[in-house]
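>>> pasting the sequence and the predicted model now:
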Amino acid sequence: MTKLFLLHHVHEFDDGHEEIKLIGVYSTRTNAEAALAAVRNQPGFRDVPEGFTIDECLLDPMRPGWSEGYVTAFPDGTFSN
C-alpha cells in the first residue's frame, strides 16, 4: 500500500472552536517536514507552533476510515451522535 503524509495545522481558540487547515499531502515524511519548515514562521502559524501535525495514512486502505461513524463534542461538554 502507498503511504501518504498529511500536514495539518490546528488553531484551538479559548472559546473551544478550532480552525483546521490542510497544508498539503506528501509522498514522504521528509517532504511533509520540509513543507512544515517552509510555513512555520508565516503569520498565524508562528503564533501557534504546536498546532502542526503530520499524519500518515494509506492510499486506498482495505477498511475505510470512520467506518463506525463519529460523535460530535460541543464546547459546552455535550455530545451528539
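Thanks, I have the structure now. Keep in mind that this is a model prediction, so the values were computed, not measured.
>>> and the residue nearest the centre of the chain, how far is that from residue 41?
The residue lying closest to the centre of the chain (CA atoms, centre = their mean) is residue 8, at 3.5 Å. Distance from residue 8 to residue 41, counting by CB to CB, to the nearest Å: 17 Å. (C-beta placed from N, C-alpha, C; glycine too.)
>>> got it, and residue 35?
Using CB to CB, one gets 13 Å for the distance from residue 35 to residue 41.
>>> helices of the chain, start to end?
Using DSSP state H, the helices assigned to the chain run over residues 29-39.
>>> just to revisit the earlier point, contacts only, for the residue nearest to the centre of the chain.
Counting by CB atoms under 8 Å, 6 or more residues apart in numbering, residue 8 makes contact with 20-23, 52-55.
>>> just residue 79 next, same as before
Contact partners of residue 79, counting by CB under 8 Å, 6+ apart, are 71-73.
>>> show me these that map onto strands.
72-73 (DSSP state E).
>>> going by neighbour count, which of the contacts of residue 79 comes out on top?
Greatest neighbour count in those, by other CB atoms under 10 Å, goes to residue 73: 11 neighbours.
>>> mind checking how far the closest residue to it other than its chain neighbours is from residue 10?
Leaving aside its sequence neighbours, residue 73 sits nearest to residue 79 (CB to CB, 6 or more residues apart in numbering; 5.6 Å). Taking CB to CB as the measure, residue 79 falls 20 Å from residue 10.
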